[in-house]
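# give me the fold of what follows.
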Amino acid sequence: NMIIDSTGLITWIPMISDIDTQNFKVSVADDIDTKHLDMEVFVNERPKISSSPDDIVYLSLNEKFEFNFLGFDPNKSQDMKWLLNSSNPDITLDGQTMRWDASALGHHLYKITVHDDIDTTYYDGHFYVNDPPILINSPDTLINAGDPFFYQIQAKDSNVKSPTNLDQPNVITFRLDSGPEGMKLMDNGDMLWRPSAEDRGYHGIEYTFGDGLFSVNKQFRLFVNILPTAAIESGLDVAVGDTLIYSIAGIDGNPGDVISYKLSGPMPFGKLDSETGTLTCMPKQQHLGAQEIRISLSDQHNSGNTDIAVPIFVYKPPVLLTEPEPHAFANIEYTFKFSAVDMNGDAIENGVGEIKISSQPPLSIYNDKTQELSWTPKKTDSGMHSLSFSISDSLGYSQSYIYDIEVFDNPCPPCDTNTSMNKYSKNLAPDETPNPQDLSTPSDSTDNVSNPIPNQDIDTAAPADSESQPDLDETPATEEKTEPDTKENTAP
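Purely as a prediction, here's the structure:
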């Protein structure tokens, strides 16, 4: 394929098979003579690099790199020279072997040249030293149902530039591989979830983050706890001086959890069993009224506690201030005025509270306006009778009472002189004390003779003459005693 024109211009495109020295002859002639010219041309082929690293070699920080370049020169007698051109002085080329300890992060460019004294071949190399991202925080592994779960994955990557693009920053990507329904992992590494009570128990979570070259896979278990709680009965109350024992029935949605109870406020009149939740209340007078006991419930997971209030009303039942007389007398009016007060000392009357009669003597009358019971027993009512009633205050607290009333036919039954029978006889004595003349009147029969005055005997056998008769003129029949002798009052 070598040609020459009439002007002597030789044109030739050498092929690979034409390398090294090529000889040819050119004849130059005119009409007179011809001359032959022997010519020599050296065809050179640039040296070849037959083995080289990847276009971008990714190394870890401080990773040792060594590579032996291979090359050849198609020309038989040409010598090749290998040279390195790099801005990083730690990258070295010894003969055809390049070495580096990857001591600097990021992108590093270098150039290898192979020269055969005529022509040069270039190879552009690229290193990227990567420091894999590492996780620098850990998630919470315990959360209460209903609370938001938030885990911001914080990964550290010392590389500034993207491993694939010199002009882009390094970006860490996140991916959720598995987790409970509804959980999300955002592009910025925020893991979000809000568990419900139905999600109680353990959940396995797996996620991956990386910088495009290196991926890190992480797993953890998240326990969804349900805080214990308790349903408190309404209307708990206890009387002053009594003891209230109330067991708080704690409820925990996690099977097998152990509930602990603790007072979260003052407890002025009792104690709490921290293991069983048994509340013992022993209030005194100063604790009257509405009280509230604050109790904190927790389990062994230590994820928080539930505060509950136990309202307790300390009361004192209404008190009867007066008691009915235990004795009554035939044909003598018996009255009893009810008088009672509530826990605050206010009288039970005028619609404030109530006195309710359960049973009363026959034909007795109770006036609910005056709160008075009146009764005039008859002779046939002699014996025991029951009076039972209840006293209620405005809050509904009540006290029941039962009293026995004994009716006597004789106003002076055998009794102590301080009893109510003597009291009634004192009231009747002035009106029913007999006339002294009546006391001295003889009787025809000893069966009709009474002994109205104690320790005074009447001689029924004495003759009815004037000497034995008292002088009636000395004691007029119209004389009345205005003040009875209380010591010897024996009214018939």
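
# helix, strand or coil for residue 191?
Secondary structure assignment for residue 191 (DSSP: H, G, I helix; E, B strand; the rest coil): strand.

# for it, which residues make a bridge with it?
residue 151, residue 185 (DSSP bridges).

# does it really touch residue 183, like I thought?
Yes - counting by C-beta atoms under 8 Å, residue 191 does reach residue 183; the two are 6.8 Å apart. (C-beta placed from N, C-alpha, C; glycine too.)

# what touches both of these two?
By C-beta atoms under 8 Å, 6 or more residues apart in numbering, residue 191 and residue 183 have these common neighbours: 149, 176, 205.

# my guess is the last one meets residue 181, correct?
No - Residue 205 lies out of contact with residue 181 (C-beta under 8 Å); the separation is 12.0 Å.

# those two: which is more packed in?
More crowded of residue 205 and residue 181, by other C-beta atoms under 10 Å: residue 205, with 22 against 7.

# ok, residue 355 touching residue 370?
No - the criterion here is C-beta under 8 Å, and residue 355 misses it with residue 370 at 11.0 Å.

# neighbour-wise, which of these two wins?
residue 355 (21 against 11).

# bridging residues for that one?
residue 391.

# tell me the spacing between it and residue 333.
20 Å (C-beta to C-beta, to the nearest Å).

# I'd assumed residue 207 was in a strand, is it?
Yes - with three-state DSSP as the criterion, residue 207 is located in a strand.

# contacting residues around the nearest residue to it once chain neighbours are set aside?
With C-beta to C-beta, 6 or more residues apart in numbering as the criterion, residue 207 has its nearest non-adjacent residue at 5.1 Å, and that residue is residue 176. Residues in contact with residue 176 (C-beta under 8 Å, 6+ apart) are 183, 184, 185, 191, 205, 206, 207.

# and the residues you listed, which two are furthest apart?
Using C-beta to C-beta, those span at most 14.3 Å, a distance reached by 184 and 206.

# what's the burial count for residue 101?
16.

# isn't it up against residue 88?
No - look at residue 101 against residue 88 with C-beta under 8 Å: they stay out of range, at 10.8 Å.

# for these two, list the residues in contact with both.
In contact with both residue 101 and residue 88: no residue, using C-beta under 8 Å, 6+ apart.

# how about the closest residue to residue 86 other than its chain neighbours, secondary structure?
Ranked by C-beta to C-beta, 6+ apart and with sequence neighbours excluded, the top spatial neighbour of residue 86 is residue 110, at 3.7 Å. At residue 110, secondary structure determined by three-state DSSP is strand.

# what pairs with residue 40 across the strands?
With DSSP bridges as the rule, residue 40 is bridged to residue 23.

# didn't it look like it was pressed against residue 25?
No - judged on C-beta under 8 Å, residue 40 makes no contact with residue 25 at a distance of 10.4 Å.

# quick check: the nearest residue to residue 72 once chain neighbours are set aside vs residue 123, distance?
Closest residue to residue 72 apart from its sequence neighbours, by C-beta to C-beta, 6+ apart: residue 48 at 5.4 Å. Between residue 48 and residue 123 the computed distance is 11 Å (C-beta to C-beta).

# and if you look at residue 354?
Using C-beta to C-beta, residue 354 is found at 112 Å from residue 123.

# again with residue 6
45 Å.

# between these two, which has more neighbouring residues?
With neighbours defined as other C-beta under 10 Å, residue 6 and residue 123 compare such that residue 123 has more, 15 against 5.

# please identify the helix or strand for that one.
strand 120-130 (DSSP states H and E).

# adjacent strands (with direction) for that strand?
strand 57-60 (parallel), strand 106-115 (antiparallel).

# what about the nearest residue to residue 74 once chain neighbours are set aside, neighbour count?
In this structure, residue 74 finds its nearest non-sequential neighbour in residue 45, 3.9 Å apart by C-beta to C-beta, 6+ apart. Close neighbours of residue 45, defined as other C-beta under 10 Å, add up to 18.

# where does residue 45 fall, phi/psi-wise?
For residue 45, the backbone dihedrals (degrees, to the nearest 10) come out as phi -120, psi 130.

# distance of it relative to residue 73?
7 Å.

# quick check: residue 198 is in a strand.
No - per three-state DSSP, residue 198 lies outside any strand segment and is helix.

# what sits against the nearest residue to residue 111 once chain neighbours are set aside?
Excluding the flanking residues, the one nearest residue 111 by C-beta to C-beta, 6+ apart is residue 85, at 4.3 Å. By C-beta under 8 Å, 6+ apart, residue 85 lies in contact with 110, 111, 112, 113.

# what two of the residues you listed are the furthest from one another?
Pairwise across the contacts of residue 85, and taking C-beta to C-beta, the largest span is found between 110 and 113, at 10.7 Å.

# more neighbours: which of those two?
Ranked by neighbour count (other C-beta under 10 Å), residue 110 and residue 113 place residue 110 first, with 18 against 15.

# look up how far residue 98 lies from the residue nearest to residue 72.
17 Å.

# hmm, residue 112 is touching residue 49, no?
Yes - contact criterion C-beta under 8 Å: residue 112 and residue 49 qualify, at 7.1 Å.

# which neighbours do these two have in common?
Common contact partners of residue 112 and residue 49 (C-beta under 8 Å, 6+ apart): 69, 123.

# between those two, point out the one with more neighbours.
residue 112 (22 against 18).

# identify the bridge partners of that one.
If you apply DSSP bridges, the partners that residue 112 bridges to are residue 84, residue 123.

# any idea whether residue 286 is helix, strand or coil?
helix.

# in the stretch 351-492 of the chain, where is pLDDT below threshold?
Applying pLDDT under 70 to the stretch 351-492 of the chain flags the ranges 410-492.

# and what of the chain?
Residues of the chain meeting the criterion pLDDT under 70: 410-492.

# residue closest to the middle of it?
residue 306 (1.8 Å; C-alpha atoms, centre = their mean).

# give the contact list for it.
Residue 306 neighbours (C-beta under 8 Å, 6+ apart): 227, 228, 229, 230, 296, 297, 298.

# can you get me a residue count around the fourth one?
Put plainly, it is residue 230. The tally of other residues near residue 230 (other C-beta under 10 Å) stands at 18.

# hey, what's in contact with both of residue 48 and residue 123?
In contact with both residue 48 and residue 123: residue 114, using C-beta under 8 Å, 6+ apart.

# quick one: contacts for the residue nearest to residue 160 when sequence neighbours are not counted?
With sequence-adjacent residues excluded and distances taken as C-beta to C-beta, 6+ apart, residue 160 is closest to residue 170, at 5.8 Å. Shown in contact with residue 170 (C-beta under 8 Å, 6+ apart): 157, 159, 160, 161, 162, 163, 211.

# which of these ranks first by neighbour count?
Going by other C-beta under 10 Å, residue 159 tops those with 22 neighbours.

# does that one fall in a helix, a strand, or a coil region?
Residue 159 ends up coil, using three-state DSSP.

# number of nearby residues for the nearest residue to residue 263 once chain neighbours are set aside?
Using C-beta to C-beta, 6+ apart and skipping the chain neighbours, the partner closest in space to residue 263 is residue 272 (5.4 Å). The number of residues packed near residue 272 is 19, by other C-beta under 10 Å.
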